[in-house]
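Student: structure for the following, please:
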Amino acid sequence: AKARSWQVKDVADFISTTGLKQYAGAFEGNNIDGKRFMKLNSNQLPQMGIQQFDHLKKIWRKIKTIQEVCKKHEQEMGDPEAQLNLHAARIQSLARGKISRQRVEEIRRERRDRELEVIRDQELKEEALSLVQNEGLAADEAMEEAALKVPQPPLPVIR
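Tutor: From the prediction side, this is the model:
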């Protein structure tokens, strides 16, 4: 997920969008990058200097929403790169054997369709993250809203 690849500056920028930019330095000072951000829990925030309950609660809600969106997306997607590599290996192994050209083309179409799905799912996740960050939507609401905004891939042509 994209948030998992955030740099320390990206995390600090996100914290600034909560309206509590005074805590961005706490995240920078603790070297919280995307991987660490995705593993944060509410008990760690006071240790970082976020003591005021209302501030802690607001920041934690935003963090938790991003974590939920990313986790949901990762569960739905699995590892898209691994899936595409598996498709490529399958095409190569079948192409070395004696199979019909028609079957090779079917597999290529399946891979192309899967690549389009992976791209759309990535766009959905990015749009949902944007909605969470900019509009404060909950994870489920953000995914539903993103699904309305991101166009569906074209239907496969059946021959």
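Student: just for this structure, where's the confidence low?
Tutor: 1, 74-87, 89-90, 93-100, 153-159 (pLDDT under 70).
Student: for it, longest helix please?
Tutor: helix 101-135 (DSSP state H).
Student: what packs against it?
Tutor: If contacts are counted by 3 or more CB pairs under 8 Å, 6 or more residues apart in numbering; DSSP states H and E, helix 101-135 sits against helix 53-77, helix 80-96, helix 139-149. No exception for glycine: its C-beta is placed from N, CA and C like everyone else's.
Student: and the longest one, what's buried?
Tutor: By neighbour count, with 16 or more other CB atoms under 10 Å as the criterion, the buried positions of helix 53-77 are 55-56, 58-60, 62-63, 65-70, 72-73, 77.
Student: swap in the shortest one?
Tutor: Neighbour-count burial for helix 139-149, with 16+ other CB under 10 Å as criterion, is recorded at 139, 142, 143, 145, 146.
Student: out of the residues you listed, flag the one nearest to residue 119.
Tutor: Nearest to residue 119 out of the buried residues of helix 139-149 is residue 146 (CB to CB; 13.9 Å).
Student: the closest one is in contact with residue 131, isn't it?
Tutor: Yes: at 6.3 Å, residue 146 and residue 131 qualify as touching, with contact defined as CB atoms under 8 Å.
Student: distance to residue 49 added to the buried residues of helix 139-149, as JSON lines?
Tutor: Below are the buried residues of helix 139-149 laid out as JSON lines (distance: CB to CB, whole Å):
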{"residue": "139", "distance to residue 49": "27"}
{"residue": "142", "distance to residue 49": "29"}
{"residue": "143", "distance to residue 49": "32"}
{"residue": "145", "distance to residue 49": "34"}
{"residue": "146", "distance to residue 49": "33"}
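Student: end to end on stretch 132-152, go ahead and measure it.
Tutor: One end of stretch 132-152 to the other measures 21 Å (CA to CA, to the nearest Å).
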